[in-house]
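A.B. asks: okay, sequence plus prediction incoming.
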Amino acid sequence: NAHLSNPNNMSSPSSSSSSPSETKSIFVTVGTTLFEPLIESITQSTIINTILPSHNYTHLTIQYGKGAVPATTAAVNSLKCTTYDFKPSLENDIQSASLVISHAGAGSVMEALGAKKKLVVVINSRLMDNHQRELADAMAERGYCICLDGPEELLREENWKMIEAFVPNVFPEG
């Protein structure tokens with residue numbers, strides 16, 4: 001279940017449209033963890049071939065951590081996919097992204113918010129002690145991000161419409 005605690009953080013459909021020539025990119029990160037369901041969801045044919053192109057995304061970068069190398073061979077020519085396990089810093093990928101989709105780890109969430117990026121936090125419900133949900137819920141309640149209850153929520157077009165319309169509150173410095 002997706003939630004956005006502040007419905008005032010929605011833009012009108014006309015203000016969220018982008019020209020097809022504009023580079024629109026998504027950066028997906030699982031940090032140093034293993035979160036296969038997130039990687040499996042974002043690489044499903046429905047997302048790669050239908051949902052992302054319909055929202056004019058041109059680039060998808062996936063940092064998959066300890067998991068298996070994701071299969072992105074289903075990608076259509078209009079979507080450029082890049083994958084890697086780890087890098088010393090994710091800063092460049094976060095900075096160049098139009099949208100960051102992240103696990104709920106504090107480091108990844110705070111880095112994306114600090115970069116003032118549109119952020120979707122995906123909860124890993126398989127974690128026993130899910131302290132990450134508390135952070136994600138707190139940030140969503142303040143209008144800084146959207147929180148999805150699980151990776152399967154990425155497969156719902158209505159959630160992508162909500163993501164596209166979302167205008168995050170500015171995360172305070174330091």
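C.D. replies: Perfect, thanks for sending it. Remember, predicted model here, so these are calculated numbers, not experimental data.
A.B. asks: helices of the chain, residue ranges please.
C.D. replies: 36-42, 45, 52-54, 91-96, 106-114, 131-141, 157-165 (DSSP state H).
A.B. asks: a markdown table please, covering those helices and showing mean pLDDT and mean neighbour count.
C.D. replies: Bear in mind the C-beta positions are built from the backbone N, C-alpha and C, glycine included. Putting the helices of the chain into a markdown table (pLDDT from 0 to 100; neighbours: other Cβ atoms under 10 Å) gives the following:
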| stretch | mean pLDDT | mean neighbour count |
| --- | --- | --- |
| helix 36-42 | 96 | 21 |
| helix 45 | 88 | 12 |
| helix 52-54 | 93 | 17 |
| helix 91-96 | 97 | 15 |
| helix 106-114 | 95 | 19 |
| helix 131-141 | 92 | 18 |
| helix 157-165 | 97 | 17 |
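A.B. asks: tell me the pLDDT at the nearest residue to Lys118 once chain neighbours are set aside?
C.D. replies: Excluding its sequence neighbours, the residue lying closest to Lys118 (Cβ to Cβ, 6 or more residues apart in numbering) is Leu99, at 5.0 Å. For Leu99, the model assigns a pLDDT of 98.
A.B. asks: likewise Met10?
C.D. replies: On the pLDDT scale, Met10 gets 51.
A.B. asks: show me the residue at the heart of this protein, geometrically.
C.D. replies: By Cα atoms, centre = their mean, the mean C-alpha position of the chain lies nearest to Ile101, the distance being 1.5 Å.
A.B. asks: who does that residue bridge with?
C.D. replies: Val28, Val120 (DSSP bridges).
A.B. asks: one step back: turn the helices of the chain into a markdown table, columns for distance to Leu79.
C.D. replies: Output for the helices of the chain, formatted as a markdown table (distance: least, Cβ to Cβ, whole Å):
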| stretch | distance to Leu79 |
| --- | --- |
| helix 36-42 | 12 |
| helix 45 | 12 |
| helix 52-54 | 6 |
| helix 91-96 | 15 |
| helix 106-114 | 21 |
| helix 131-141 | 27 |
| helix 157-165 | 14 |
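A.B. asks: I'd like to know which of those lies nearest to Asp85.
C.D. replies: Closest to Asp85 of the helices of the chain is helix 36-42 (Cβ to Cβ; 10.9 Å).
A.B. asks: list the contacts for the residue nearest to Lys118?
C.D. replies: Listed by Cβ atoms under 8 Å, 6 or more residues apart in numbering, the contact partners of Leu99 are Lys24, Ser25, Ile26, Phe27, Tyr57, Lys117, Lys118, Leu119, Val120, Ile163.
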